[in-house]
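In: Okay, here's the prediction I keep looking at, along with the sequence it came from:
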Number of protein chains: 2
Amino acid sequence: MLNVLCVVLCPHPCFLGPGQPCDCLPPLRAAAEQLRQKDLRISQLQADLRRPPPAPAQPPEPEALPTIYVVTPTYARLVQKAELVRLSQTLSLVPRLHWLLVEDAEGPTPLVSGLLAASGLLFTHLAVLTPKAQRLREGEPGWVRPRGVEQRNRALDWLRRGGGAVGGEKDPPPAGTRGVVYFADDDNTYSRELFEEMRWTRGVSVWPVGLVGGLRFEGPRVQDGRVVGFHTAWEPNRPFPVDMAGFAVALPLLLAKPNAQFDATAPRGHLESSLLSHLVDPKDLEPRAANCTRVLVWHTRTEKPKMKQEEQLQRQGRGSDPAVEV
Amino acid sequence: MLNVLCVVLCPHPCFLGPGQPCDCLPPLRAAAEQLRQKDLRISQLQADLRRPPPAPAQPPEPEALPTIYVVTPTYARLVQKAELVRLSQTLSLVPRLHWLLVEDAEGPTPLVSGLLAASGLLFTHLAVLTPKAQRLREGEPGWVRPRGVEQRNRALDWLRRGGGAVGGEKDPPPAGTRGVVYFADDDNTYSRELFEEMRWTRGVSVWPVGLVGGLRFEGPRVQDGRVVGFHTAWEPNRPFPVDMAGFAVALPLLLAKPNAQFDATAPRGHLESSLLSHLVDPKDLEPRAANCTRVLVWHTRTEKPKMKQEEQLQRQGRGSDPAVEV
């Protein structure tokens, strides 16, 4: 080692043997320069080691996907938390999703605020009470007055102008945001596949909905990739005989039509048409879910639980602990 | 730089100036040794850089977790697929889970087989038809005969002896497998948190169930970490007044008690007791979910959809396309 090194450092005759006269400066100067170079290399390598490792191969950046804005109106009832837990867990399987949960209430309730905070989802919490004149009267069947109209319109307002958020993200999507808006009630059943079907909607996309309108399913009829009619039993001549769960709208289209919203006074079965008529011609609907041959959402309804025993126990002062949230 | 280095390398008088007589060997030997040390350091750093980066902080290895065996009896009906999609998506959020789906049918149906294959879950598909004598008669209320008894017992058989699987994993857990068994009907609502509560069950663990028995919730009453009674309105003196969704059993305990199974002839409300009486003393139940103060499962029931319009259209030959699975 030393011999080789000496030759590299300096071919000077003083290396012939110890005790010989010589000028030591050139070989030592060379050695000092070599040491300096190696210190530099060591510093570089140490810096390389401190650098974070490159990210492993990843699925496509979520930032490259259009955002799905899911609008869910909700109201207080015995099964509310169960329904929202179930839905939030489904939504947690979908990348790049923003949940707009709109309570039918004067302000945010602790139950919903807590559930949203624990959901891990990106969300905006809104609240608006349905005006008394629009509310269902005791004993009226559910179809007399459509539910959730004010709440869906409040979500559209937020997407256009922001304001009014009582929790979560406060700012509406910045101009130019790519996205799609879907109205997902809290009692339906959604396959995670549905969300990827709607993600790249250009205008308004449509698909079948299971177990609705007294049928196994309702949905668009498609020929050569175009919507040519609708399979439905109820007023097939409505402008858009589709269920609320059966379509999604591109965000830029909604923003370009600032007057498009739901009309609380629309006749029965015409609520969806009251929005869609502002937005699209029926012939331009974009069929999804294998040309509308796959059912990926079901209009399930949850039974209202009977509380007879609860009332009996409460009369005896032995009701279920009200401190336990259900 | 050079001056400092020279002093370090060698205090020899030849450094007083060039051209002086001297013995160069000691300072050059010192320089060579320093260079060798730096080369060594560079090699070490280069080896460090070639080493793969340490794995980022990870949740505990799934292999280290006890497996949760979720037993779900299911039967053909309009909402079956919706319910199973919803449940399978919830289960997909839980690590180290094995779904035992047991059809009430003579053999596997295409709907369930397809759904399981698409679920991405680890599963075993079983099928056993409920004997005619045990089946509900037309018009009988649901509580007359418990449903799903044969199916749950078939799953217990498979866990103990294997055999009979019509899809998915065919072999039962090898001896010594750590795990827990939970009976999850396909219509309830499950928080993903529930599964982590039950995972480390030693014998039999218990927790409240929401919206069951005519109450906001039913569940164990706990004092000082022990179950001392049950909040329920229906026959509080049953040995185990708990709902099917309200307990889980350690797999080793089930295997150690080969006669423990559900008794189809048990009186109303005693089906759970017919299994649990083989397994545990009520005082040894392990309370979970914050000493049974949190509701993480709800006994939701899905309405049977009305098919009046479907029947009308079918009479006109315009029924929903039977090729579309709902």
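Out: In hand now; what should we look at? Numbering: from 1, shown residues only, chains lettered A, B, ... in the order given.

In: hey, let's count contacts and neighbours off CA atoms from now on
Out: Noted.

In: next structured bit after the helix or strand A:S273 falls within?
Out: Taking DSSP states H and E as the criterion, A:S273 maps to helix A:271-276. Note on helix A:271-276: by DSSP H and E, the next helix or strand toward the C-terminus is strand A:286-287.

In: Give me the contact list for that next one.
Out: Contacts of strand A:286-287 with the rest of the structure, by Cα atoms under 8 Å, 6 or more residues apart in numbering or on different chains, involve A:201, A:203-207, A:220, A:222, A:225-227.

In: can you do 6 Å?
Out: Contacts to strand A:286-287, defined as Cα atoms under 6 Å, 6 or more residues apart in numbering or on different chains, come from residues A:205-206.

In: One more: stretch A:240-247?
Out: Residues lying outside stretch A:240-247 but in contact with it, judged by Cα under 6 Å, 6+ apart, are A:184, A:205-207, A:209, A:273.

In: any idea how far chain B is from A:G179?
Out: Look at A:G179 and chain B: by Cα to the nearest Cα, to the nearest Å, they are 24 Å apart.

In: A:P267 too?
Out: From A:P267 across to chain B, the span is 20 Å (Cα to the nearest Cα).

In: Now for that residue, how many residues are close by?
Out: For A:P267, the tally of surrounding residues (other Cα atoms under 10 Å in any protein chain shown) stands at 13.

In: circling back: return the subset of the contacts of stretch A:240-247 lying in helices.
Out: Members of the contacts of stretch A:240-247 lying in helices (criterion: DSSP state H): A:S273.

In: Strands - which of the contacts of stretch A:240-247 land there?
Out: Among the contacts of stretch A:240-247, the members falling in strands are A:205-206, A:209 (criterion: DSSP state E).

In: Which among those count as buried?
Out: Among these, those classed as buried by 16 or more other Cα atoms under 10 Å in any protein chain shown are A:205-206, A:209.

In: What strand or helix carries A:V181?
Out: With the criterion set as DSSP H and E, the secondary-structure element containing A:V181 is strand A:179-183.

In: in that strand, what counts as buried?
Out: By neighbour count, with 16+ other Cα under 10 Å as the criterion, the buried positions of strand A:179-183 are A:179-183.

In: again, but for stretch A:117-137
Out: Using 16+ other Cα under 10 Å as the test for burial, stretch A:117-137 gives A:119, A:121-130, A:136.

In: For the stretch 201-326 of chain A, what lies in contact range of chain B?
Out: Taking Cα under 6 Å from any Cα of the partner chain as the measure of proximity, the stretch 201-326 of chain A contacts chain B at A:210, A:214-215, A:295, A:301-303, A:306-310, A:326.

In: Can I get the buried part of the residues you listed as one PyMOL selection?
Out: Typed into PyMOL, the line below selects the buried ones among these, using 16+ other Cα under 10 Å:
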select buried, chain A and resi 210+214+215+295+301+302+309+310+326
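
In: Now tabulate the residues of the stretch 201-326 of chain A next to chain B in a markdown table and tack on distance to A:P258.
Out: Compiled in a markdown table, those are given as follows (distance: Cα to Cα, whole Å):
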| residue | distance to A:P258 |
| --- | --- |
| A:G210 | 31 |
| A:G214 | 34 |
| A:L215 | 34 |
| A:V295 | 31 |
| A:R301 | 32 |
| A:T302 | 35 |
| A:E303 | 37 |
| A:K306 | 44 |
| A:M307 | 45 |
| A:K308 | 48 |
| A:Q309 | 50 |
| A:E310 | 48 |
| A:V326 | 39 |
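
In: Counting only helices, which of the residues of the stretch 201-326 of chain A next to chain B make the cut?
Out: Counted as lying in helices by DSSP H, out of these, are A:308-310.

In: possible to save those residues as JSON lines with pLDDT?
Out: Putting those into JSON lines (pLDDT from 0 to 100) gives the following:
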{"residue": "A:K308", "pLDDT": "96"}
{"residue": "A:Q309", "pLDDT": "97"}
{"residue": "A:E310", "pLDDT": "97"}
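
In: Now render the residues you listed as JSON lines, adding distance to B:G114.
Out: Rendered in JSON lines, the data for these read as follows (distance: Cα to Cα, whole Å):
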{"residue": "A:K308", "distance to B:G114": "40"}
{"residue": "A:Q309", "distance to B:G114": "41"}
{"residue": "A:E310", "distance to B:G114": "41"}
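
In: Name the spans of the stretch 1-150 of chain A whose pLDDT lies under the cut-off.
Out: Screening the stretch 1-150 of chain A residue by residue with the criterion pLDDT under 70, one finds the ranges A:1-24, A:52-62, A:142-144.

In: now the strands for it?
Out: Along the stretch 1-150 of chain A, counting by DSSP state E, counting those that start in this stretch, strands occupy A:67-74, A:97-103, A:122-127.

In: can you pull out the helices in chain A?
Out: A:2-9, A:25-50, A:80-91, A:110-119, A:149-161, A:192-198, A:251-256, A:271-276, A:289-292, A:308-315.

In: For B:N188, which of the ones you listed is the nearest?
Out: Shortest separation from B:N188 across those is recorded for helix A:80-91, at 9.0 Å, computed as Cα to Cα.

In: tell me the angle the closest one makes with strand A:97-103.
Out: Our comparison of helix A:80-91 with strand A:97-103, counting by axes from the mean of the first three to the mean of the last three Cα atoms, to 10 degrees, yields an angle of 170 degrees.

In: buried residues in helix A:80-91?
Out: Buried residues in helix A:80-91, counted by 16+ other Cα under 10 Å: A:80-91.

In: With stretch A:278-286 instead?
Out: A:278-279, A:282, A:285-286.

In: Just list the residues touching the residue nearest in space to the middle of chain A, thanks.
Out: When chain A is reduced to its mean C-alpha position, the closest residue under Cα atoms, centre = their mean turns out to be A:L97, at 1.3 Å. For A:L97, the residues meeting the contact criterion (Cα under 6 Å, 6+ apart) are A:67-68.

In: What's the separation between it and A:S205?
Out: 17 Å (Cα to Cα, to the nearest Å).

In: now swap in A:G269 and tell me
Out: The gap separating A:G269 from A:S205 is 19 Å, by Cα to Cα.

In: A:S320 now?
Out: Per Cα to Cα, A:S320 is found 46 Å from A:S205.

In: can you check A:A155 too?
Out: In this structure, A:A155 and A:S205 are separated by 19 Å, where distance is defined by Cα to Cα.

In: ditto for A:H299
Out: Using Cα to Cα, one gets 18 Å for the distance from A:H299 to A:S205.
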